[in-house]
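Enquirer: Structure, please.
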Amino acid sequence: MAEYLTVTTLTKYLKRKFTADPYLKKVYVTGEISNFRPRRGHQYFSLKDESAVINATMFKGVFDKLPFQLEAGMKVNVVGHIDLYAPNGSYSIIVEKMEPDGIGALYQAYEQLKQKLQQAGWFDQLQRNIPRFPKKIAVITSPSGAVIRDILTTVQRRYPIAEVDLYPAVVQGENAVPSLIKQLQAVAQRDDIDVLIIGRGGGSIEDLWAFNDETLAKTMLQMPMPIISSVGHETDTTIADFIADKRAATPTAAAELATPFMLTDVWQGLQQLEQRLVAQMQRQIKQVDERYQRVANSYVLTQPERLYEGYLQRVDLAQKSSTQSLAYLLKQRRQQLTTADARLLPAMQHILETKQQRFSKAAAGLQLVSPLSILGRGYSLVEKDGQVLTDTAQIEVDDPVEIRLAKGTARATITEIGENND
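Expert: Numbers count the residues shown, from 1 in each chain. This is a model prediction of the structure:
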């Protein structure tokens, strides 16, 4: 009679088979990512091809070390082992290592970061020109590599008056990014650096990987001076190359960009400018001298009297014309004065006679109403204290009064006051 197993016993047996099978301890699987949804901790998804699907588990420690972003639909190569999960009886591949199929993981990460930063506009932010005559050039690179030697040699040959300051940095490995960022921050503190060169020699993508770091790119965007990036060989291109203001294929090319002119070329250029300046000044002096000769030989300076001959003639004509006009005007005014005088004398005599007649009539009228005329007819005026008396109420007995007659005055004293019966 057959013995029935419990589900737990069967599951444990199968789990031991999976664990003990040497072919399942390390499996290499190619498949397409499916049902992937990022989680904070462990990641659970599926690997599939045209005919089958297998569950996959990637623990947090492995996932955090992925150099690229995991995406649904991505074809990957996975290394791991097969395990069975007892609670639901399902088996899955436990992913220990993963890289994109067809291209390396680092290249995949590089392309993803490149696309991300390009869409964010980081590659278009630094477009500054390199100073034409730099005084100080900062270089961030390995102190022992060929990069700094090539740069120093090129600067010394082309523009020896420029100062080159080396900021030594680790350019490869885990410590490269912190070292490069530290030196960038140190250079940023200075205000006398005209241009910065950052880079290293050639190598594999792993060797150059520090220059594909997003934090390093962000730090480069904040640098106050123009940056020349020279990482790897001409065919190598890193994120730092896209961020920098200028990209040089080699360290020598970077030094040439930082010193656009050889000092001998500058000297020759100055001599050419001097020659052009002298020639231009000679042409201007010649032109000015020719103008001076024309002015000096003009009739205005050689025969100045000709300048005012015409004005003298015009003055003579004006004087003659004004003399004739004045004589004619004076004669005309004399005739007008004689005519006016002949008319004015009779008019004045007529006005005088009229005024005399009017005066005689007014005097006769005034004579009729004059107080003196009344006094001449036998009347008199009695005054007290300079006031003419018209009423007995104005005087009292013994008041002194003054009597004005037609001829002379008399003084009297009031002895009696009587009433007017009228």
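Enquirer: which residue is nearest the middle of this protein?
Expert: residue 128 (18.6 Å; CA atoms, centre = their mean).
Enquirer: For that residue, list the residues it contacts.
Expert: The neighbours of residue 128, taking CB atoms under 8 Å, 6 or more residues apart in numbering as the test, are 226, 245. Just so you know, the C-beta spots here come from the backbone N, C-alpha and C atoms, and that holds for glycine as well.
Enquirer: ok, so what distance separates it from residue 255?
Expert: As judged by CB to CB, to the nearest Å, residue 128 and residue 255 stand 18 Å apart.
Enquirer: which residue ranges form the helices in the stretch 51-200 of the chain?
Expert: 60-63, 105-119, 146-158, 176-188 (DSSP state H, counting those that start in this stretch).
Enquirer: Now render those as TSV, adding mean neighbour count.
Expert: Below are these laid out as TSV (neighbours: other CB atoms under 10 Å):
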stretch	mean neighbour count
helix 60-63	13
helix 105-119	16
helix 146-158	18
helix 176-188	18
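Enquirer: Could you dump the ones you listed into CSV with distance to residue 17 added?
Expert: Converted to CSV, the helices of the stretch 51-200 of the chain look like this (distance: least, CB to CB, whole Å):
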stretch, distance to residue 17
helix 60-63, 25
helix 105-119, 32
helix 146-158, 57
helix 176-188, 46
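Enquirer: between these, which gets nearest to residue 341?
Expert: helix 176-188 (109.1 Å; CB to CB).
Enquirer: pLDDT below threshold where in the stretch 201-350 of the chain?
Expert: Along the stretch 201-350 of the chain, the parts satisfying pLDDT under 70 run over 262-264, 266, 299-301, 303-310.
Enquirer: Need the pLDDT of the nearest residue to residue 67 once chain neighbours are set aside.
Expert: Distances taken as CB to CB, 6 or more residues apart in numbering place residue 109 nearest to residue 67, at 4.3 Å, with adjacent residues excluded. For residue 109, the pLDDT comes out at 82.
Enquirer: Then the one 4 residues further on?
Expert: As summarised for this prediction, residue 113 has a pLDDT of 89.
Enquirer: give the contact list for it.
Expert: With CB under 8 Å, 6+ apart, residue 113 has these contacts: 212, 214, 239.
Enquirer: In JSON lines: these, plus secondary structure.
Expert: Formatted as JSON lines, the contacts of residue 113 follow (DSSP: H, G, I helix; E, B strand; the rest coil):
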{"residue": "212", "secondary structure": "helix"}
{"residue": "214", "secondary structure": "helix"}
{"residue": "239", "secondary structure": "helix"}
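Enquirer: domain ranges for the chain?
Expert: With domains defined by automatic domain parsing, the chain comprises 7-102, 131-261, 277-317, 376-412.
Enquirer: returning to that earlier point: measure the residue nearest to the centre of the chain to residue 225 for me?
Expert: 8 Å.
Enquirer: show me the contacts for residue 196.
Expert: 137-140, 187, 223, 225-228.
Enquirer: Now do stretch 155-170, average pLDDT.
Expert: Across stretch 155-170, the per-residue pLDDT values average to 92.
Enquirer: which of the residues in that stretch are buried?
Expert: With burial defined by 16 or more other CB atoms under 10 Å, the residues of stretch 155-170 counted as buried are 155, 158-159, 162, 164, 166-167, 169-170.
Enquirer: Let me have these in a markdown table, extended by distance to residue 245.
Expert: Shown next, in a markdown table, are the buried residues of stretch 155-170 (distance: CB to CB, whole Å):
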| residue | distance to residue 245 |
| --- | --- |
| 155 | 18 |
| 158 | 19 |
| 159 | 19 |
| 162 | 18 |
| 164 | 18 |
| 166 | 20 |
| 167 | 18 |
| 169 | 19 |
| 170 | 24 |
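Enquirer: mind listing the helices for the stretch 251-400 of the chain?
Expert: Under DSSP H, counting those that start in this stretch, the stretch 251-400 of the chain gives helices at 251-258, 263-296, 299-302, 305-369, 371-376.
Enquirer: Quick check: which of those helices is buried the most?
Expert: helix 251-258 (a mean of 23; mean count of other CB atoms under 10 Å).
Enquirer: mind saving the C-alpha coords of that one as CSV?
Expert: The C-alpha trace of helix 251-258 is given here as CSV (Å, rounded to 0.1, in the frame of the first residue of the first chain):
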residue,chain,number,x,y,z
PRO,A,251,45.8,66.5,-22.9
THR,A,252,47.9,68.3,-25.4
ALA,A,253,44.8,69.5,-27.2
ALA,A,254,43.4,70.6,-23.9
ALA,A,255,46.5,72.7,-23.2
GLU,A,256,46.3,74.2,-26.7
LEU,A,257,42.6,75.2,-26.1
ALA,A,258,43.7,76.8,-22.8
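Enquirer: tilt between it and helix 146-158?
Expert: Computed by axes from the mean of the first three to the mean of the last three CA atoms, to 10 degrees, the angle separating helix 251-258 from helix 146-158 equals 40 degrees.
Enquirer: which residues sit against helix 251-258?
Expert: 130, 134, 137, 141, 146-148, 150-151, 153-155, 158, 162, 195, 197, 199, 201, 228-230, 246, 248.
Enquirer: Report the distance from that helix to the chain centre.
Expert: Centroid separation for helix 251-258 versus its chain: 34 Å, with CA atoms, centre = their mean, to the nearest Å.
Enquirer: about what we covered before: in ChimeraX, select just the buried ones from the contacts of residue 113.
Expert: Selection of buried members from the contacts of residue 113 for ChimeraX, criterion 16+ other CB under 10 Å:
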select :212,239
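Enquirer: Reformat the contacts of residue 113 into a markdown table and put distance to residue 408 next to each item.
Expert: Listed next are the contacts of residue 113 as a markdown table, based on distance: CB to CB, whole Å:
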| residue | distance to residue 408 |
| --- | --- |
| 212 | 148 |
| 214 | 142 |
| 239 | 144 |
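Enquirer: quick one on the thing from earlier: so which of the domains of the chain is nearest residue 114?
Expert: It is, among the domains of the chain and with distance given as CB to CB, domain 131-261, at 6.4 Å.
Enquirer: how many neighbours does residue 53 have?
Expert: Residue 53 has 13 neighbours, counted by other CB atoms under 10 Å.
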